[in-house]
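In: Structure for the following, please:
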Amino acid sequence: MCHHNLILSKVYIFYLFNFHHLLSPMATKLLSNYGLTPLLKPFPNPTTRISTSTFPTLIKSPPSNLLRPKFPALKASAPTSVQIVEKDEKQVNGLETGDPGFNPGAPPPFTLADIRAAIPKHCWVKDPWRSMSYVLRDVAVVFGLAAVAACLNSMVVWPLYWFAQGTMFWALFVLGHDCGHGSFSNDPKLNSVVGHLLHSFILVPYHGWRISHRTHHQNHGHVENDESWHPLPEKIYRSLDAVTRMLRFTLPFPMLAFPIYLWGRSPGKKGSHFDPGSDLFRANEKTDVIVSTVCWSAMAALLVGLSFVMGPLQLLKLYGIPYLGFVMWLDLVTYLHHHGHEDKLPWYRGKEWSYLRGGLTTLDRDYGWINNIHHDIGTHVIHHLFPQIPHYHLIEATEAAKPVLGKYYREPKKSQPLPFHLLGLLVSSMKRDHYVSDEGDVVYYQTDSR
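Out: Numbers count the residues shown, from 1 in each chain. A predicted model of the protein is given here:
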C-alpha cells in the first residue's frame with residue numbers, strides 16, 4: 001500500500017511540474033532526485049523573468065529539505081517571496097543594463113595591449129604645428145568675440161556673447177589639458193609654456209591641476225583613489241552637513257564646483273591645488289606648483305587692474321560671466337564622462353580595480369556642434385585609456401578600438417546641434433547617484449530615498 005501511494009505521488013508531482021507555467025530549475029532538480037525527467041524543457045514566460053538580484057534580494061533562499069528530499073514522505077516547500085520583473089527593466093545582478101547577458105563589472109575578455117594594437121600607428125603621432133594652429137584659432141576667436149561684444153554693447157548681443165565666450169574659454173582649457181597630458185607635443189617646455197598661458201588666462205593653476213588630473217587618470221574608477229567626481233562612500237555621505245549635501249547634489253550648485261575644488265578638493269579629501277605642501281604633490285613637484293600659483297596670481301592681479309581701467313561692470317560682462325560659463329562647461333562635461341548613463345556603472349576597490357577596468361567605466365558623449373569647438377573631448381574612453389593620443393586623432397582611434405571593446409563601449413546618444421539632451425541626463429543622475437557602499441570591491445551608486 002505504501003509503495004502504491006508513493007507511485008501515485010510521483011506521478012502527480014511529475015505532471016504538476018511538467019505543465020506548470022513557472023517551472024523552475026529548482027523544481028527540475030527536485031524531480032531528478034526522484035528519478036523523474038520532465039517531458040518538455042521548461043520555457044520561461046516570454047514577457048517576464050525571475051530576478052535573482054542580490055540587492056535587494058527578491059527571492060528568498062529555499063529550505064534545505066527542498067533539495068534533499070527524504071523517503072518515504074515528500075517534504076518540500078516553495079520560496080515564500082517571488083517577484084516577477086518586467087523584461088523591459090533589463091536588470092542583471094540588480095543593475096539596469098541594456099543587455100541581460102552582460103555584466104559591466106566583470107573583467108573584460110581583452111587587454112590594454114589588445115586595444116592599443118587596434119589603433120592605427122599614425123594616431124599616436126603628435127604634430128606641434130597642428131596643435132599650435134588650434135591655439136591660434138581659439139585665441140583669435142576669444143579676442144574677436146570680446147571686441148565685437150564691446151563695440152555693439154547691446155543687451156541682445158551680451159547673452160549670445162556669454163554663451164559663445166564661455167564655450168571658447170572651455171576650449172582653451174581643453175588645449176591646456178592636452179599640454180598637461182603631453183599630447184600637445186613631445187616637447188615638455190613647449191607644453192609647459194602653452195599650458196601656463198592658456199590655463200592662467202582662465203584662472204587655472206596649470207601644474208597644480210595637471211598633477212591632480214594625472215592622479216585622476218591613474219586611478220579612474222577607484223572609489224577612494226580617484227580624484228575627479230569620485231563617489232562618496234555611504235559613511236562620508238551620511239556625515240555631510242545639510243548645506244554641503246545641498247551644494248553637492250542640488251543644481252546648479254554642482255556645476256559651479258570647480259573653483260571650490262581647486263581650493264579645497266572634494267569632501268573627504270584635504271589639500272589645495274595652490275599649496276605646494278599639499279598631499280596632492282610629491283616633494284620634487286613643489287617648484288612647479290609655486291610657478292603655477294604665481295602665474296595664477298599674476299592673472300588675478302591683471303583682472304583687478306582691468307576693473308579699474310574699464311570698470312567692474314564691463315569686466316564682469318566681458319570676462320566674469322564667460323568665466324562662470326566655462327566653469328559650468330567643465331563641471332558638466334567631466335561629470336557626465338563618469339555618470340548619467342542609463343545603465344549603472346561599476347566603481348572598484350582593492351584587487352578588483354585595474355587601470356583597464358577603471359577606464360572602461362568612462363563614457364563618450366556627443367555634443368553636436370560643440371564637438372569640434374571643444375576639440376572632441378567627448379571621445380573620452382580612448383582618451384582615458386591612452387591620454388597621450390592627440391585630440392585630433394581621438395575619433396579615428398575610437399572607431400578602430402570599438403570592435404575590441406565590444407559591449408564595454410557604450411555608444412553615445414547622438415546630439416542635436418546643441419546638446420540639450422545632456423541636461424536631462426544630468427538632472428536624473430543627480431537625483432539617483434548619491435553614494436556607494438562602504439564595503440565591497442565592485443560597487444554601484446545607490447539612491448538616498450530621503
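
In: tell me, how many neighbours does Trp209 end up with?
Out: Close neighbours of Trp209, defined as other CB atoms under 10 Å, add up to 23. To be clear about C-beta, it is placed using only N, CA and C from the backbone, and glycine gets the same treatment.

In: For it, which non-adjacent residue is closest in space?
Out: Nearest residue to Trp209, sequence neighbours excluded (CB to CB, 6 or more residues apart in numbering): His273, at 5.8 Å.

In: Which helix or strand contains the one you found?
Out: Under the criterion DSSP states H and E, no helix or strand holds His273.

In: Please tell me how far it sits from His199.
Out: 11 Å (CB to CB, to the nearest Å).

In: same thing with Gly101?
Out: 45 Å.

In: Which one's more surrounded, these two?
Out: A side-by-side neighbour count of Gly101 and His199, using other CB under 10 Å, places His199 first with 27 against 7.

In: A helix includes that one, no?
Out: Yes: counting by DSSP: H, G, I helix; E, B strand; the rest coil, His199 falls inside a helix.

In: show me the contacts for it.
Out: Neighbour list for His199: Phe173, Gly176, Pro205, Tyr206, Trp209, Ser292 [criterion: CB atoms under 8 Å, 6 or more residues apart in numbering].

In: would you turn those into CSV with pLDDT?
Out: Shown next, in CSV, are the contacts of His199 (pLDDT from 0 to 100):
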residue, pLDDT
Phe173, 98
Gly176, 97
Pro205, 96
Tyr206, 97
Trp209, 95
Ser292, 96
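
In: Which of these lies at the shortest distance from Pro346?
Out: Each of these was checked against Pro346 using CB to CB; the closest is Trp209, at 26.9 Å.

In: follow-up on the earlier one: counting neighbours, which of the contacts of His199 comes out on top?
Out: When neighbours are taken as other CB under 10 Å, the top entry among these is Tyr206 (29 neighbours).

In: So for that residue, what's the nearest residue that isn't a sequence neighbour?
Out: In space, Tyr206 is closest to His199, 4.2 Å off (CB to CB, 6+ apart).

In: Go ahead and flag the most central residue of this structure.
Out: The chain has His338 as the residue nearest its centroid, 0.9 Å off, counting by CA atoms, centre = their mean.

In: Distance check, it against Pro231.
Out: Separation of His338 from Pro231 (CB to CB) stands at 9 Å.

In: What of Phe249?
Out: Distance of Phe249 to Pro231, given as CB to CB: 12 Å.

In: Looking at those two, which has the bigger crowd around it?
Out: Using other CB under 10 Å, the more surrounded residue of Phe249 and Pro231 is Pro231, with 23 against 18.

In: which strand residues sit across from the residue nearest to that one when sequence neighbours are not counted in the sheet?
Out: The shortest distance from Pro231 to any non-neighbouring residue, by CB to CB, 6+ apart, is to Val436 (4.5 Å). On the basis of DSSP bridges, Val436 is bridged to Pro233.

In: Isn't Val436 up against Asp226?
Out: No: Val436 is not in contact with Asp226 according to CB atoms under 8 Å; the separation is 11.6 Å.

In: for the stretch 251-400 of the chain, which spans come out with low pLDDT?
Out: Along the stretch 251-400 of the chain, segments meeting pLDDT under 70 span 267-268.

In: mind listing the strands for it?
Out: Per DSSP state E, counting those that start in this stretch, the stretch 251-400 of the chain carries strands over the ranges 347-348.

In: Likewise for the stretch 51-200 of the chain?
Out: 84-86, 91-92, 95-96.

In: Lowest average pLDDT across those?
Out: When the strands of the stretch 51-200 of the chain are ranked by mean pLDDT, strand 84-86 comes last with a mean of 33.

In: any idea how this protein splits into domains?
Out: According to automatic domain parsing, the chain is divided into the following domains: 2-89, 120-443.

In: Buried deepest among those domains, which one?
Out: Among these, judged by mean count of other CB atoms under 10 Å, the one packed with the most neighbours on average is domain 120-443 (a mean of 17).

In: residue contacts, the residue nearest to Pro231?
Out: With CB under 8 Å, 6+ apart, Val436 has these contacts: Val223, Pro231, Leu232, Pro233, Glu234, Trp347, Val443, Tyr444, Tyr445, Gln446.

In: and the second one, that's in a helix?
Out: No: the assignment for Pro231 by three-state DSSP gives coil, which leaves it out of any helix.
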